[in-house]
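Peer 1: sequence first, then the predicted structure:
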Amino acid sequence: DFIEIEPEQGKAMAAKTFDELTINDDFMFGIVMREPKYCKPFLETILNLKIARIEYPEDQKTINLSLDGKGVRLDVYVEDAEQTVYNIEMQNTRPDSISKRTRYYQGIIDLNLLRKGAKYAELKKSLVIFVCTFDPFAIGRHVYTFENRCIEEPELALGDETQKIFLNTKGIYDDASPELKRLLNFIDGRQAEDVFTQELAEAVESVKANEKWRIAYMTLQEHYDEKYNEGHTEGLKQGRLQEIFMSVQEGDYSIERGAQKAGMSLEQFQAAMAETQL
């Protein structure tokens, strides 16, 4: 399933205990936003509009612990009564090529809709929203909104009904509503300043008091650590194999001795060495 996409390879999970989690940790954010009473006003505050209701796709109701595949698991994926799709991602570390990540997320949303039988003309309006605890473009805005427009005619919108929105908790401009600024301040680690952020703070504490989520977090952390350690061990093995290849090439080992050192048959060793083009 497109929602069950693996967290990034090669990184151990952040060393935070469950009790140290805040709303800006993607695990906590994803759980809190499972509740419409939090997710709906969250979106309304960001977009400055009223949403009649939001719906959660059936396959998004459980936290996925699978680490097979490639990519990242979507944090929050919901639809509203107007058939608009929202993907909200919490970003508290700066990833590589954050802009292209939004392109990737938009792509998998469309692919999922097409897999369910939709025609191109039936693709739903979709918004990918990145909530960043850093300024992704180093300009100072609280909000950066992108949509496809004609370069030669800037007033001409492509009309593909997609938007990418970056929120910046470190914004300095007076470019957002007071409600949104208070929400971003709360995500950035400040105290709750209004009713909604106080409700979010209480929701975080409620999740921390839930043993099911504590166990789920610990299990996910173990999976991350195992995946990281597997990759680290494999890297060491590959590095050792390269050393043996070099030793054979430089005449320190015979090819038979190299195969023995690598724990391979002579044929396997020769084939592996040929692949490295040494």
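Peer 2: In hand now; what should we look at?
Peer 1: quick one, strands of this protein?
Peer 2: Here the chain has its strands, by DSSP state E, at 54-55, 76-80, 85-91, 126-132, 143-146, 162-168.
Peer 1: can you redo those strands as JSON lines with mean pLDDT, distance to Q260 and mean neighbour count?
Peer 2: Any C-beta I mention is one placed from the backbone N, CA and C, and that applies to glycine too. Listed next are the strands of the chain as JSON lines, based on pLDDT from 0 to 100; distance: least, Cβ to Cβ, whole Å; neighbours: other Cβ atoms under 10 Å:
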{"stretch": "strand 54-55", "mean pLDDT": "89", "distance to Q260": "62", "mean neighbour count": "16"}
{"stretch": "strand 76-80", "mean pLDDT": "86", "distance to Q260": "52", "mean neighbour count": "21"}
{"stretch": "strand 85-91", "mean pLDDT": "92", "distance to Q260": "49", "mean neighbour count": "22"}
{"stretch": "strand 126-132", "mean pLDDT": "95", "distance to Q260": "52", "mean neighbour count": "23"}
{"stretch": "strand 143-146", "mean pLDDT": "97", "distance to Q260": "58", "mean neighbour count": "16"}
{"stretch": "strand 162-168", "mean pLDDT": "97", "distance to Q260": "55", "mean neighbour count": "22"}
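Peer 1: now render those as CSV, adding distance to T17.
Peer 2: Shown next, in CSV, are the strands of the chain (distance: least, Cβ to Cβ, whole Å):
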stretch, distance to T17
strand 54-55, 31
strand 76-80, 23
strand 85-91, 18
strand 126-132, 22
strand 143-146, 32
strand 162-168, 27
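Peer 1: pLDDT weak spots in the chain?
Peer 2: 1-15, 58-74, 116, 118, 223-239, 276-278 (pLDDT under 70).
Peer 1: how about a cut-off of 90?
Peer 2: For the chain, residues meeting the criterion pLDDT under 90 lie at 1-16, 26-27, 55-83, 92-98, 100-101, 104-124, 216-278.
Peer 1: how far away is K212 from D96?
Peer 2: Going from K212 to D96 by Cβ to Cβ, to the nearest Å gives 33 Å.
Peer 1: comparing those two, which shows the higher neighbour count?
Peer 2: Shown here are K212 and D96; by other Cβ atoms under 10 Å, K212 has more neighbours (10 against 7).
Peer 1: how close does the more buried one get to K40?
Peer 2: 23 Å.
Peer 1: ok, and the closest non-adjacent residue to A259?
Peer 2: F269 (3.6 Å; Cβ to Cβ, 6 or more residues apart in numbering).
Peer 1: kind regards, and thank you for your time.
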